[in-house]
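Novice: just need the structure, nothing else, for what follows:
(4 chains)
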Amino acid sequence: MKRLQERAQNRPTGESPIIRMAVRVMIPFIQLFGLYVIVHGHYSPGGGFQGGVILGASFILMALAFDLKTTTDYFSEKANAILGNAGALIFTGLGALTAILGGLWLDYSALDRIIPLGPIEWRSMGIFLVEVGVGLAVMSIMVSLYWDLASGGDMDEGL
Amino acid sequence: MSAIAALFVIPGLFFFAVGTLGILRFPDFYTRLQAAGKCDSFASVLVLLGIAIYNLGDFTLASLLVSIKIMLIAVFVFIASPTATHAITESALIVGVEPWMRKERKKQ
Amino acid sequence: MSRMATTFLAMLAFWIVLSGMFDGFHLSLGILSCLLVAWFSHDLLLSVGPIRSRIRDFFGILRYLPYLFKEIVLANLQVAYIVLHPRMLDLIDPSLVRFRTSLKRPISKVTFGQSITLTPATITVSIDDDEFTVYALTRSSAESLPGEMERRVAAALEDRR
Amino acid sequence: MMMPFFLGAAVVLVLLMMLSLVRTIGGPTVLDRILGGNVIGTKTTVLLLLIGILYEDLGMFVDIAIAYALLNFIATLGATKYFLRRKSVHETEE
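Specialist: Now for the predicted structure:
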């Protein structure tokens, strides 16, 4: 018992192969499920926010099973920041664009004046675009919150 | 179809009950883990199987896909539940929660 | 490259099961999402190695599953008997068992560990190289390790060279 | 005819969840609480599907159940690792 404790505490990353293998198998499916929730936002429960949370959870799971170094090798901090800002930009940009084109804020039928597809088609398309933006932003915020909280800000020690 | 579904759901509920009773009755953390981690995962797989079979009662493509999804949850539970159990046990050992032993074993 | 293609096909099958909509909009977005996931995590799902041996592993696990299910049902009934027995404390005799395994590959070690955890009355506590530490609930379950299960796993997953 | 059966199953599940809540609240160690939370999460996954049958909209509730099972697993792993780091698990044990 004692010997086992000491050995487990001295293990370099303190992580067992069972958890690693299970997490490795799961992560791609979790990511695809997150994307599915974003894309099918207007048919089934979910949408941008929930899909973004699931996408972010996949990265958190990766950081839990491995460590922060491995995670940032897959998905760098810079890419995370760019994706989050792009998400916020899509949301506010679409809102501003509809307002400039003469509709209300996020009144997607106004986009019909640039590319004529018909107002009803634009409404469903516009909701989809906004959901992609929200999903990207939520994912990025979740991942960076976790990274900062887990490392105390200096990104070198994994949780 | 629904009779077969009931055949799966009722043992599932029985094992859920056993798992819960086990959590309440066992003397220490590790033995509780035995009841919780495994009886529960087995029971939930049984109930999920029953629901999937019941859902196939009116056979369409959509219901078939939903049944496959339910089976995917079962597969997920089968991978995730032992992993979680293993993680909890390992951390308990590292932190040093004392296991309950028979009296004659304790002296050794 | 072949790993990426395999991941993409697996993801596509998963997407079709999830989505259930076959119009152009959803299908094209699905293919895009599968490409994204395959590009991002192609080295997570499958480990390095020729694709033939991965497929052989898959079928090996499939052949191993019926035996595992039988064991799980039997062991669950055993735990149910222990839980429902009025004088439960007389039946259990917890102990930590340590033993060496002859399994070589990581995937077979992990499969063996998960099987031990899935069959109640035993939990895999840790795997260090080839030393397993198992927490056993009863004396008989402690004595039955590693036993037949290890042989089955070896037959399913180890190389027969 | 099957509806009362599934309703009964759901009620039984809720009662069992309440019994598990005893372990979650009562402890005695923090790991016991994590275990209780995990067990309740497993039951909730099944309960969501039963609710889906009762509302005759299983396709919608399956997605919620998948997401719930997933987040339950991540939450358990995360809580375990957090308390492992904090080394405060055995403090509540008398």
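Novice: check what pLDDT residue 8 gets.
Specialist: Since you didn't name a chain, this refers to chain A. In this model, residue A:8 is scored at 56, pLDDT.
Novice: oops, chain D please
Specialist: 89.
Novice: so how far is residue B:56 from the residue in chain C positioned nearest to chain D?
Specialist: When scored by Cβ to the nearest Cβ, chain C has residue C:20 as its residue closest to chain D, at 7.6 Å. For glycine as for every other residue, the C-beta is placed from the backbone atoms N, C-alpha and C. When Cβ to Cβ, to the nearest Å is the yardstick, residue C:20 and residue B:56 sit 15 Å from each other.
Novice: just to be sure, residue A:43 is in a helix?
Specialist: No: per DSSP: H, G, I helix; E, B strand; the rest coil, residue A:43 lies outside any helix segment and is coil.
Novice: looking at it, it is touching residue C:21, isn't it?
Specialist: Yes: using Cβ atoms under 8 Å, residue A:43 is in contact with residue C:21, at 7.4 Å.
Novice: on that earlier part again, please identify the helix or strand for the residue lying closest to the residue of chain C closest to chain D once chain neighbours are set aside.
Specialist: Sequence neighbours aside, residue B:65 is the residue nearest to residue C:20 in space, at 4.5 Å (criterion: Cβ to Cβ, 6 or more residues apart in numbering or on different chains). Using DSSP states H and E, residue B:65 falls within helix B:61-95.
Novice: other SSEs contacting the helix or strand containing residue C:154?
Specialist: According to DSSP H and E, residue C:154 maps onto helix C:147-157. Contact here means 3 or more Cβ pairs under 8 Å, 6 or more residues apart in numbering or on different chains; DSSP states H and E; on that basis helix C:147-157 packs against helix C:51-84, helix C:106-118.
Novice: gap between the residue nearest the centre of chain A and residue A:48?
Specialist: Centroid-nearest residue in chain A: residue A:139, 2.3 Å away (criterion: Cα atoms, centre = their mean). Residue A:139 sits 10 Å away from residue A:48, going by Cβ to Cβ.
Novice: helix B:61-95 and the helix ranked longest in chain D, what's the angle between them?
Specialist: Taking DSSP state H as the criterion, chain D has its longest helix at helix D:58-86. Relative orientation of helix D:58-86 and helix B:61-95, computed by axes from the mean of the first three to the mean of the last three Cα atoms, to 10 degrees: 10 degrees.
Novice: run the chain-centre distance for stretch A:28-37.
Specialist: With Cα atoms, centre = their mean, to the nearest Å as the basis, the distance from the averaged C-alpha position of stretch A:28-37 to the chain average is 10 Å.
Novice: and for it, what are the contacting residues?
Specialist: Identification of contacts with stretch A:28-37 by Cβ atoms under 8 Å, 6 or more residues apart in numbering or on different chains yields A:44, A:46-47, A:50-55, A:57-58, A:61, A:135, A:139, C:7, C:10-11, C:14-15, C:18-19, C:30, C:33-34, C:36-38, C:40-41, C:44-45, D:63, D:66-67, D:70.
Novice: poorly predicted segments of chain A, please.
Specialist: The model of chain A has pLDDT under 70 over residues A:1-15, A:152-159.
Novice: the same query, at a cut-off of 90, please.
Specialist: A:1-29, A:31, A:33-51, A:58-81, A:83, A:90-132, A:143-159 (pLDDT under 90).
Novice: what's the spacing between the residue most central in space within chain B and residue C:43?
Specialist: For chain B, the residue nearest the mean C-alpha position is residue B:41 (1.5 Å; Cα atoms, centre = their mean). Residue B:41 sits 29 Å away from residue C:43, going by Cβ to Cβ.
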